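J.: Got a sequence here, can you model it:
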Amino acid sequence: SRELVHQLGFWKIFAVVIVLTITTELTSIFPILGLFIIFLMPFIMMTYIAVYENAISNPSTTTNEV
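T.: Residues are numbered from 1 along each chain as shown. Just a heads-up that it's a prediction; the model follows:
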(Lines give C-alpha, C1' and ligand atoms only; values in the text may rest on other atoms or scores of the structure.)
Protein backbone atom coordinates (compact mmCIF):
# COMPACT_ATOMS: atom_id res chain seq x y z
CA SER A 1 0.00 0.00 0.00
CA ARG A 2 2.85 2.39 0.80
CA GLU A 3 4.47 1.66 -2.55
CA LEU A 4 1.20 2.25 -4.41
CA VAL A 5 0.71 5.62 -2.73
CA HIS A 6 4.34 6.50 -3.45
CA GLN A 7 3.89 5.70 -7.16
CA LEU A 8 0.83 7.89 -7.59
CA GLY A 9 2.01 10.64 -5.30
CA PHE A 10 1.08 11.22 -1.69
CA TRP A 11 -0.46 14.64 -2.23
CA LYS A 12 -2.70 13.43 -5.06
CA ILE A 13 -4.04 10.59 -2.92
CA PHE A 14 -4.36 12.91 0.08
CA ALA A 15 -6.34 15.46 -1.95
CA VAL A 16 -8.74 12.83 -3.31
CA VAL A 17 -9.41 11.38 0.14
CA ILE A 18 -9.85 14.80 1.76
CA VAL A 19 -12.20 16.07 -0.96
CA LEU A 20 -14.34 12.93 -0.77
CA THR A 21 -14.45 13.05 3.02
CA ILE A 22 -15.35 16.73 3.19
CA THR A 23 -18.01 16.32 0.51
CA THR A 24 -19.56 13.39 2.33
CA GLU A 25 -19.52 15.21 5.67
CA LEU A 26 -21.01 18.42 4.25
CA THR A 27 -23.85 16.53 2.62
CA SER A 28 -24.61 14.76 5.90
CA ILE A 29 -25.40 18.13 7.51
CA PHE A 30 -28.57 18.53 5.47
CA PRO A 31 -31.05 15.64 5.67
CA ILE A 32 -32.19 15.96 2.06
CA LEU A 33 -28.61 15.80 0.78
CA GLY A 34 -28.02 12.88 3.13
CA LEU A 35 -30.51 10.89 1.08
CA PHE A 36 -28.65 11.89 -2.07
CA ILE A 37 -25.37 10.57 -0.67
CA ILE A 38 -26.90 7.09 -0.39
CA PHE A 39 -26.99 6.93 -4.18
CA LEU A 40 -23.49 8.38 -4.51
CA MET A 41 -21.87 6.03 -2.00
CA PRO A 42 -21.06 3.27 -4.54
CA PHE A 43 -19.28 5.82 -6.74
CA ILE A 44 -17.38 7.23 -3.77
CA MET A 45 -16.26 3.76 -2.70
CA MET A 46 -15.20 2.88 -6.25
CA THR A 47 -12.98 5.98 -6.33
CA TYR A 48 -10.68 4.41 -3.74
CA ILE A 49 -10.57 1.18 -5.73
CA ALA A 50 -9.88 3.08 -8.96
CA VAL A 51 -6.89 4.81 -7.35
CA TYR A 52 -5.35 1.46 -6.44
CA GLU A 53 -6.20 -0.03 -9.84
CA ASN A 54 -4.47 2.93 -11.48
CA ALA A 55 -1.38 2.38 -9.35
CA ILE A 56 -1.28 -1.34 -10.05
CA SER A 57 -1.67 -0.94 -13.81
CA ASN A 58 0.90 1.85 -13.92
CA PRO A 59 3.63 0.75 -16.38
CA SER A 60 6.35 2.21 -14.16
CA THR A 61 5.74 -0.47 -11.55
CA THR A 62 8.39 -3.10 -11.25
CA THR A 63 7.71 -6.75 -10.59
CA ASN A 64 10.09 -9.11 -8.92
CA GLU A 65 10.29 -12.09 -11.22
CA VAL A 66 12.34 -15.04 -10.12
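J.: low-confidence ranges in the protein?
T.: For the chain, the stretches with pLDDT under 70 are 1, 58-66.
J.: In space, not sequence, find me the middle residue of it.
T.: By C-alpha atoms, centre = their mean, the chain has its centre lying nearest to residue 48, at 2.9 Å.
J.: Could you list which residues are in contact with it?
T.: residue 17 (C-beta atoms under 8 Å, 6 or more residues apart in numbering). The C-beta positions use only the backbone N, C-alpha and C, and glycine is treated the same way.
J.: Look up how far residue 16 lies from it.
T.: According to C-beta to C-beta, to the nearest Å, residue 48 and residue 16 sit 8 Å apart.
J.: do residue 6 as well
T.: Residue 6 sits at a distance of 15 Å from residue 16 (criterion: C-beta to C-beta).
J.: thinking again about what came up before, in which helix or strand would I find the residue nearest to the centre of the chain?
T.: Here residue 48, judged by DSSP states H and E, is contained in helix 31-56.
J.: Now do the phi/psi pair for residue 30.
T.: Listed backbone geometry of residue 30 is phi -100, psi 130, with angles given as degrees, to the nearest 10.
J.: what's the burial count for it?
T.: Close neighbours of residue 30, defined as other C-beta atoms under 10 Å, add up to 11.
J.: ok, it - contacts?
T.: By C-beta under 8 Å, 6+ apart, the contact list for residue 30 is empty.
J.: Apply 10 Å and report the result again.
T.: When contacts are counted by C-beta atoms under 10 Å, 6 or more residues apart in numbering, residue 30 is found next to 36, 37.
J.: That one and residue 19: what is the separation?
T.: According to C-beta to C-beta, residue 30 stands 18 Å off from residue 19.
J.: ok, now residue 46?
T.: From residue 46 across to residue 19, the span is 15 Å (C-beta to C-beta).
J.: what do you get for residue 50?
T.: For residue 50, the distance to residue 19 equals 14 Å [C-beta to C-beta].
J.: go on, residue 51?
T.: Taking C-beta to C-beta as the measure, residue 51 and residue 19 are separated by 12 Å.
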